[in-house]
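Trainee: quick one: sequence plus predicted model below, questions after.
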Amino acid sequence: MDDLYECPYCGESGQIDLDSDVDLDSPGDQVFVQDCAVCCRPCTVTVRVAADGTASVSVDQ
Ligand SMILES: [Zn+2]
């Protein structure tokens with residue numbers, strides 16, 4: 001499963017591979033840094049996993 005986010009630096013859409021980057025079986029916040037594919041700057045990605053396994057993504061500089 002992939003999810004899209006908007007780069008906080010350049011505004012381009014990036015893709016997060018939720019299957020490999022996030023443990024959807026563990027509810028809570030999971031934070032990792034992913035370099036933007038367009039501007040190569042590090043985006044801090046926070047994935048909030050709900051108890052039912054759904055994820056919501058927010059991205060900060
Ligand atoms: Zn970018």
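Mentor: Yep, it's here. Numbering: from 1, shown residues only.
Trainee: for this protein, what helix or strand is lowest in average pLDDT?
Mentor: Using mean pLDDT, DSSP states H and E, helix 18-21 stands out as the lowest-scoring helix or strand of the chain, at a mean of 82.
Trainee: give me the buried stretch members for it, please.
Mentor: The neighbour-count check on helix 18-21 (16 or more other C-beta atoms under 10 Å) flags Leu18 as buried. Backbone N, C-alpha and C define where each C-beta goes, glycine included.
Trainee: what does that helix contact?
Mentor: When contacts are defined by C-beta atoms under 8 Å, 6 or more residues apart in numbering, helix 18-21 is touched by residues 1-3, 24, 32, 34, 45, 47, 55.
Trainee: now stretch 26-33
Mentor: Contact with stretch 26-33 is made by 21-23, 42-51, as judged by C-beta under 8 Å, 6+ apart.
Trainee: what residues does this protein put near the ion?
Mentor: On the criterion C-beta under 5 Å from the ion, the ion has as its neighbours in the chain the residues 7, 9-10, 36, 38-39.
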